[in-house]
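**Q** no FASTA, just this:
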């Protein structure tokens, strides 16, 4: 699913940790809308201005994946 010209839902939700442990890392409908907003209003304009790709390491983490990597429980 394309979120903007150069960003996809797949790249925003990819997680080595989720893959390694077989965790589900698919976002809720609300999270997908928020990722769309993020990519369209911030990441895509930044990429357009820089004129080159931006590497996304963690666009979204499910609660389980976030716990596994030691992320903040209040992370947004």
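**A** On my side now, so go ahead. From a predicted model like this one, the values you see are computed outputs, not experimental measurements.
**Q** could you pull out the helices for this protein?
**A** 9-13, 16-21, 29-38, 44-50, 63-68 (DSSP state H).
**Q** spatially central, which residue of this protein would that be?
**A** In the chain, the residue lying closest to the centroid (Cα atoms, centre = their mean) is residue 59, at 2.1 Å.
**Q** so what's that one up against?
**A** Neighbouring residues of residue 59 by Cβ atoms under 8 Å, 6 or more residues apart in numbering: 11-13, 35, 38. Yep, even glycine has a C-beta here, placed from its N, CA and C like the rest.
**Q** can you say which of these are buried?
**A** Neighbour-count burial (16 or more other Cβ atoms under 10 Å) applied to the contacts of residue 59 gives 12-13, 35, 38.
**Q** these: which two are farthest apart?
**A** Among the buried ones among the contacts of residue 59, the pair separated by the greatest distance (Cβ to Cβ) is 13 and 38, at 12.4 Å.
**Q** just to revisit the earlier point, now render the contacts of residue 59 as JSON lines, adding pLDDT.
**A** As requested, the contacts of residue 59 are exported to JSON lines (pLDDT from 0 to 100):
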{"residue": "11", "pLDDT": "94"}
{"residue": "12", "pLDDT": "96"}
{"residue": "13", "pLDDT": "95"}
{"residue": "35", "pLDDT": "97"}
{"residue": "38", "pLDDT": "96"}
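**Q** now, among these, which is nearest to residue 28?
**A** residue 35 (10.4 Å).
**Q** which one is the closest one nearest to, not counting chain neighbours?
**A** Using Cβ to Cβ, 6 or more residues apart in numbering and skipping residues adjacent in sequence, the residue nearest residue 35 is residue 12, 5.1 Å away.
**Q** what's the closest of the contacts of residue 59 to residue 23?
**A** Within the contacts of residue 59, distances to residue 23 taken as Cβ to Cβ reach their minimum at residue 13, with 11.3 Å.
**Q** no further questions, thank you.
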